[in-house]
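J.: Next come a sequence and a model predicted from it.
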Amino acid sequence: MVRDDLTKRVASVLPRVDHPIVIDLIDERFPLLRSRHGFVTGSPYLKDSGIDMSEFVRVDDGDDLDPAGPFAAAARRLADLLPPDQIVVVHRAMWATRDADGTPLEEPAYVRRPNEWLARAYDLLGSALGERCRFVQPAAETCRADAGHKWGLAPYHYVPEYYDDLSAQVRDVLGPA
């Protein structure tokens, strides 16, 4: 997956997509990196891939979300590569501020910054996709972090009700199979 991202292999596949596409940006909590290959998410998967990271440079989070910046350009390129009638379901995933019991998770600034970034990024993505974009976002009261989640307590590991609401919304958008 990481190598495909770096080689931009998916760009050759997108024009022929014949199935629903669902996107969320919650993994974009990792830093955006630039190399001679372009931009890539500095995820643990990249670090574990064995790819030489000496040429990677971190991109400032503020600059990459400028409407004329690289994130917006990448969103427009994605839109341009997709078939014109391709519906894209965008899960507007945000970081939870409270756990399942309603207890605050972290300092407010810790969660506020990623959520502000995500809100801007979803807006840019939606703008690029235009009428093909179908946003889904579970009810605010279900956006709670779950200490029992299989990957542990984190602001992006939600209670089961969140996933149930998300699944129902995606099914509604996509219609009968």
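T.: Now that the structure is in, tell me what you want to look at.
J.: And what about the residue in the chain sticking out farthest from the centre, helix, strand or coil?
T.: For the chain, the residue at maximal distance from the C-alpha centroid (CA atoms, centre = their mean) is Asp101, at 26.0 Å. Three-state call for Asp101 (DSSP: H, G, I helix; E, B strand; the rest coil): coil.
J.: measure it to Glu107 for me?
T.: Computed as CB to CB, to the nearest Å, the Asp101 to Glu107 distance reads 18 Å. Placement of C-beta: from N, CA and C, glycine included.
J.: And Val89, how far from Asp5?
T.: 21 Å.
J.: Just the buried residues of whichever strand or helix holds Ala109, please?
T.: For Ala109, the host element (DSSP states H and E) is helix 108-129. The neighbour-count check on helix 108-129 (16 or more other CB atoms under 10 Å) flags Val111, Pro114, Trp117, Leu118, Arg120, Ala121, Tyr122, Leu124, Leu125, Gly126, Ala128, Leu129 as buried.
J.: Save those as a markdown table, and put in pLDDT and distance to Pro138 too.
T.: Converted to a markdown table, the buried residues of helix 108-129 look like this (pLDDT from 0 to 100; distance: CB to CB, whole Å):
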| residue | pLDDT | distance to Pro138 |
| --- | --- | --- |
| Val111 | 87 | 17 |
| Pro114 | 88 | 17 |
| Trp117 | 89 | 19 |
| Leu118 | 93 | 14 |
| Arg120 | 94 | 20 |
| Ala121 | 94 | 18 |
| Tyr122 | 96 | 14 |
| Leu124 | 96 | 21 |
| Leu125 | 97 | 18 |
| Gly126 | 98 | 17 |
| Ala128 | 97 | 23 |
| Leu129 | 97 | 20 |
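J.: For Ala68, which residues are in contact?
T.: Going by CB atoms under 8 Å, 6 or more residues apart in numbering, Ala68 touches no other residue.
J.: For the residue most central in space within the chain, which residues are in contact?
T.: Nearest residue to the geometric centre of the chain (CA atoms, centre = their mean): Leu25, 0.8 Å. By CB under 8 Å, 6+ apart, the residues touching Leu25 are Ala93, Leu118, Ala121, Tyr122, Leu125.
J.: Would you list the phi and psi of it?
T.: phi -110, psi 20 (degrees, to the nearest 10).
J.: before we move on, what about Leu166?
T.: Taking degrees, to the nearest 10 as the convention, Leu166 sits at phi -60, psi -50.
J.: With Gly50 instead?
T.: Torsion angles, degrees, to the nearest 10, at Gly50: phi 80, psi 0.
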